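Participant: Structure for this input, please:
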Amino acid sequence: MASVAKAVKVDLLSLAAEDGLGASSNLGSLELIKMIQSSSDLSSSQQDTFKNILKALTSAKIRKEKEQKEEKERELAATEREKETEFAAKEKEKERKNELLLKKMELEIEAKKVQSTTEERVKSSFDVHRLLIQKFDPKVGDISLYLTLFERQVKRAKVPEELWVSHLIGLLLNDMAQLIASELEEVTGNYEQVKQILLKRYKFSAEMLRQMFYKYSKNADGTWNDFVYELRK
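Facilitator: Numbers count the residues shown, from 1 in each chain. Below is the predicted model of the structure:
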């Protein structure tokens with residue numbers, strides 16, 4: 001725009017000189033235009049030249065205004081993009097903090113669940129050992145009856161079934177515990193399989209039951225009704 005304005009001024013000075021207006025180079029373009037417009041001595045060709053100069057000046061002005069407008073629009077767009085980027089960054093940071101908070105809450109809940117489960121298992125373990133104090137003696141005890149009583153006790157104490165084997169082993173003699181420990185890990189972790197192993201190894205045979213029946217006698221302090229009840233049991 002500056003170069004166009006300079007060229008226009010040169011043309012205006014040249015036109016004023018041709019018309020004998022004696023314009024000074026210190027005058028601005030607007031002053032030169034007014035001076036030329038007030039002159040009545042312009043020839044037809046000079047008038048055409050003057051019109052072309054004005055058109056060039058007007059076009060340059062319009063172009064400058066357009067460029068300024070476009071520049072302003074670019075600046076506004078850049079500012080808007082910057083704001084959007086900043087907003088998106090803040091939203092992303094907010095989302096990240098929310099995710100961290102949710103993760104923290106989940107971990108706290110999980111920790112409380114683990115603690116609660118651990119406390120419940122400790123409580124269950126205490127209840128079982130308190131209720132089943134005596135170890136099983138395979139020489140005098142019936143393993144079927146013992147396991148039935150054991151299952152009732154652990155169910156009453158609400159012990160998780162996956163812990164039954166570990167509680168049961170603590171109530172068996174060493175050789176019985178070693179029998180279970182010698183099995184595969186997937187077997188020793190399954191109560192029903194451990195139960196079958198014990199029943200197969202220690203369940204009384206029919207002959208042993210007959211011998212025990214014949215050897216059984218009434219307790220001196222008990223009544224005959226008690227004796228009959230014990231036999232039926």
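
Participant: now Lys158, what's its secondary structure?
Facilitator: Classification of Lys158 using DSSP: H, G, I helix; E, B strand; the rest coil returns coil.

Participant: What is the burial count for it?
Facilitator: 10 (other CB atoms under 10 Å). Yep, even glycine has a C-beta here, placed from its N, CA and C like the rest.

Participant: now it: how far from Trp164?
Facilitator: Plainly put, Lys158 is 12 Å away from Trp164 if you go by CB to CB, to the nearest Å.

Participant: Same check on Gln134?
Facilitator: For Gln134 relative to Trp164 (CB to CB), the value is 18 Å.

Participant: Likewise for Arg63?
Facilitator: The spacing between Arg63 and Trp164, counted by CB to CB, is 92 Å.

Participant: pLDDT wise, what is Glu151 at?
Facilitator: On pLDDT, Glu151 comes in at 91.

Participant: can you tell me which residues contact it?
Facilitator: Glu151 sits next to Trp164 when contact means CB atoms under 8 Å, 6 or more residues apart in numbering.

Participant: Spell out the secondary structure type for it.
Facilitator: Assigned by three-state DSSP, the conformation of Glu151 is helix.

Participant: picking that back up, Arg63 and Trp164: who's more crowded?
Facilitator: Using other CB under 10 Å as the criterion, Arg63 and Trp164 rank with Trp164 on top: 20 against 12.

Participant: isn't the more buried one right next to Val154, touching?
Facilitator: Yes - contact criterion CB atoms under 8 Å: Trp164 and Val154 qualify, at 5.5 Å.

Participant: shared neighbours, the two?
Facilitator: The contact sets of Trp164 and Val154 do not overlap (CB under 8 Å, 6+ apart).

Participant: From the contact counts, what lies against the lengthiest helix in the chain?
Facilitator: With secondary structure taken from DSSP state H, the chain has its longest helix at helix 44-131. Applying 3 or more CB pairs under 8 Å, 6 or more residues apart in numbering; DSSP states H and E, one finds that helix 44-131 makes contact with helix 2-18, helix 29-37, helix 143-156, helix 164-169.
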